[in-house]
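Chemist: Sequence and predicted structure below; questions after.
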Amino acid sequence: MIKTHHAFSLLVLAIICCSVGRAQGGDSFKQSDDASRTKVLLEHVGKRVEQYHAEISNIAFSEAIRQQELRSDATAKRKPKEFVYETIVISQGPRPTSQPAPVMTRTLTVIDGKPVKTQALPRRSSCYDTNPQPVYQDHLNMLLPGNQTRFLFAYEGEENLLGHKAAIIAFSQPPAAEPAQLIKKGGCFFLSRALLQKGRVWVDLATYDVLQIQWQLAEPFHGKLGAGVRRVGVFAVFQPSREISHEKSETLVRFSRVAFQDPKQELLLPVASESTWLWRGGSVAGMKTTTEYSRYRRFRTSVEIKDPIENER
């Protein structure tokens, strides 16, 4: 009876020791599992983004953009501006190490509900143009296999997003080699480098499509511009010193599958985006921009090459 009791005590002690060991090593096991999960997700997502770049070529769509200027406390200032662009996506051509890069050409058609005849918009800020620029910004470019090494990724769990079971991957940029500095030029200022960003990506676990991506400022900036004299025409204007800070910069882009005919196909495309930024001490304190993407359709072109001798006849 004594031997049995002694054996039972040893068994209980062994179970307790194993339990303690698992508890102490649980975090490291979880970190290892999360790292493996992140690696697998990024491999699948990278392939899907390459496919996204291949599929988005030769597509036309409309962009309805609404810009609201903000005060430093993020409240609305003035009446918002509304722009409508007609956009065409073409392929830039093959590149040595990756898929052809999609290039977008945008034509401004409407401002504040009225048709426009010119694409040359007047600057809405003396130091920088706050008009929507006709350039393509690919928010998924960072997820291409060749670009993933420029970011740090971490698995954050799962959640249901718009009826899809999605994995959440957090990302950030490595620390910068040097701090950002204020550079003054005339009556304007700019930063010596772009501020670091961080964000999250929501990935559909059924298809590995990107459902949503969010960027935000990772290093708010605070600096001071010294007093000085600026020449405006023939006059010298004194400018007192002022505090400058960049406190907010956020962007959220949502994607969805859009159906096409001839041939029948569903493509993953952006459907809406929203961005907000705030500067204190600048000529424009902030801006909130929302964009709706609609009227997706195929864009086809044909090229005919004629013999120059035949044209002379």
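Modeler: Cool, the structure landed. Residues are numbered from 1 along each chain as shown.

Chemist: Is the closest residue in space to residue 253 that isn't next to it in sequence bridged to anything, and to what?
Modeler: Spatial nearest neighbour of residue 253, chain neighbours left out: residue 273 (4.4 Å); criterion: C-beta to C-beta, 6 or more residues apart in numbering. The C-beta positions use only the backbone N, C-alpha and C, and glycine is treated the same way. On the basis of DSSP bridges, residue 273 is bridged to residue 253, residue 291.

Chemist: now the one 4 residues further on
Modeler: Per DSSP bridges, residues listed as beta-bridge partners of residue 277: residue 249, residue 287.

Chemist: all strands of the stretch 151-300 of the chain, in order?
Modeler: Under the criterion DSSP state E, counting those that start in this stretch, the stretch 151-300 of the chain contains strands at 152-161, 164-172, 182-185, 188-191, 197-204, 210-217, 221-225, 228-232, 235-239, 242-260, 265-280, 286-298.

Chemist: among those strands, which is nearest residue 63?
Modeler: strand 286-298 (5.8 Å; C-beta to C-beta).

Chemist: Which one, of the strands of the stretch 151-300 of the chain, ends up nearest to residue 68?
Modeler: strand 286-298 (4.6 Å).

Chemist: what's the closest one in contact with?
Modeler: Strand 286-298 is contacted by residues 58-72, 74, 130, 132, 248, 258, 260, 262, 267, 269-279 when judged by C-beta atoms under 8 Å, 6 or more residues apart in numbering.

Chemist: switch the cut-off to 7 Å
Modeler: 58-70, 72, 74, 130, 258, 260, 269-279 (C-beta atoms under 7 Å, 6 or more residues apart in numbering).

Chemist: for that strand, which positions count as buried?
Modeler: In terms of neighbour count (16 or more other C-beta atoms under 10 Å), strand 286-298 has its buried residues at 286, 287, 288, 289, 290, 291, 293, 296.

Chemist: Got the phi and psi for the residue nearest to residue 80 when sequence neighbours are not counted?
Modeler: Nearest non-adjacent residue to residue 80, counting by C-beta to C-beta, 6+ apart: residue 68, 4.2 Å away. Backbone geometry at residue 68, expressed as degrees, to the nearest 10, gives phi -120, psi 120.

Chemist: give me every residue that touches residue 68.
Modeler: 76, 80, 288.

Chemist: Could you give the bridge partners of the closest residue to the first one other than its chain neighbours?
Modeler: Of all residues not flanking residue 76 in the chain, residue 68 sits nearest, at 5.5 Å (C-beta to C-beta, 6+ apart). According to DSSP bridges, the residues that bridge with residue 68 are residue 288.

Chemist: what are the ranges of the strands in the stretch 1-150 of the chain?
Modeler: Going by DSSP E, counting those that start in this stretch, the stretch 1-150 of the chain shows strands at 59-70, 81-91, 102-111, 114-115.
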